[in-house]
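> test case, fold it:
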Amino acid sequence: MLLRVRVTLPDRPGTLGQVARTLGVSGADIVQVVVLERLGGRAVDDFTVVWPGAARVERLLAGLAAIPGVRVDGVWRAIGAPTTTGQDAELLAQVAANPADGLATLVDAVPGLLAADWAVAAVVPVDWASRSGSGGATVGHASWRTPVPLRLPEVTPLRGRSMTTPDGTHHAVAPFGRAGLVLVVAREHSDTLYAAGFHSTEVDRLSQLVRACAVILGDRLDLVGAPPVSANP
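This is a model prediction of the structure:
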């Protein structure tokens with residue numbers, strides 16, 4: 001299976017090589033490395049690896065924990081192949097080519113791009129701040145694997161950000177800037193794996209995609225979640 005492994009490590013020569021060797025010795029085949037952050041002598045890296053389905057992840061975690069200064073922030077199942085920024089442009093091209101299904105195209109593609117479990121486009125009412133729970137949000141479109149019934153976090157349409165709900169589910173939310181529409185992406189925990197929260201670079205990537213789609217789709221977004229208009233007899 002394909003796994004995403006997020007590691008915080010000292011930003012000094014040799015440490016990345018130690019992590020890569022440990023992954024290999026543990027049985028992981030590295031297919032992509034993405035540097036999310038380099039700050040204050042520390043780095044945050046995402047490794048996408050092919051992991052033998054029958055192997056125990058505990059062996060991998062123990063090996064990484066033995067490297068001085070290394071911390072594993074999360075190990076979770078990734079969907080599809082490793083992603084690049086070039087896929088963002090391809091996604092936007094698909095949205096532009098078929099705007100009638102543009103929102104659905106975006107929502108269905110985002111979990112694969114961000115190694116998430118599911119995504120929804122939620123319509124948040126104007127008085128969201130005065131409500132409890134999910135703020136009375138309604139779902140305009142949901143991706144595959146979205147849980148039913150769906151419990152949304154208290155999303156805000158003001159800016160892109162990450163959050164974690166009490167059940168441990170990590171979310172990233174990004175507003176479209178019109179019609180109270182917000183894209184919500186989630187990573188859930190499993191019995192054997194635990195996902196990392198959304199990094200600021202991932203939230204920025206999501207926000208850029210959402211803003212670009214908002215420009216492409218324009219007034220079509222105002223119709224999301226609106227009740228259908230009945231034809232006169």
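> residues of the longest helix along the chain that come out buried?
Counting by DSSP state H, the longest helix found in the chain is helix 200-217. By neighbour count with 16 or more other Cβ atoms under 10 Å, helix 200-217 contains the buried residues 202-203, 205-207, 209-210, 212-214, 216-217. The way it works is simple: take the backbone N, C-alpha and C, and place the C-beta from them, glycine included.
> show residues contacting it.
Identification of contacts with helix 200-217 by Cβ atoms under 8 Å, 6 or more residues apart in numbering yields 36-37, 85, 88, 91-92, 95-96, 99, 102-103, 106, 110, 113-114, 159-162, 172, 174-178, 183, 185, 198, 221.
> change it to 7 Å
36, 88, 92, 95-96, 99, 102-103, 106, 110, 114, 160-162, 172, 174, 176-178, 183, 185, 221 (Cβ atoms under 7 Å, 6 or more residues apart in numbering).
> low-confidence ranges in the protein?
For the chain, the stretches with pLDDT under 70 are 54, 80-85, 126-136, 156-157, 225-233.
> in it, which spans are helices?
With DSSP H applied, the chain shows helices at 15-26, 57-65, 85-97, 102-113, 200-217, listed in chain order.
> could I get these as JSON lines with distance to Val75?
Listed next are those as JSON lines, based on distance: least, Cβ to Cβ, whole Å:
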{"stretch": "helix 15-26", "distance to Val75": "11"}
{"stretch": "helix 57-65", "distance to Val75": "6"}
{"stretch": "helix 85-97", "distance to Val75": "23"}
{"stretch": "helix 102-113", "distance to Val75": "17"}
{"stretch": "helix 200-217", "distance to Val75": "16"}
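> please identify which of the ones you listed is closest to Asp46.
Each of the helices of the chain has some distance to Asp46 by Cβ to Cβ; the shortest is helix 200-217, at 9.1 Å.
> between that closest one and helix 85-97, how many degrees?
Orientation of helix 200-217 against helix 85-97 (axes from the mean of the first three to the mean of the last three Cα atoms, to 10 degrees) gives an angle of 20 degrees.
> let me know the angle separating helix 200-217 from helix 102-113.
160 degrees.
> send the alpha carbons of stretch 51-58 over as PDB?
C-alpha atoms of stretch 51-58 as PDB (Å, rounded to 0.1, in the frame of the first residue of the first chain):
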ATOM      1  CA  TRP A  51       4.800  -0.300   2.100                       C
ATOM      2  CA  PRO A  52       4.400  -4.100   2.100                       C
ATOM      3  CA  GLY A  53       0.800  -4.700   3.100                       C
ATOM      4  CA  ALA A  54       1.600  -7.500   5.400                       C
ATOM      5  CA  ALA A  55       4.400  -5.700   7.200                       C
ATOM      6  CA  ARG A  56       3.900  -4.000  10.600                       C
ATOM      7  CA  VAL A  57       4.200  -0.200  10.700                       C
ATOM      8  CA  GLU A  58       5.500  -0.500  14.200                       C
END
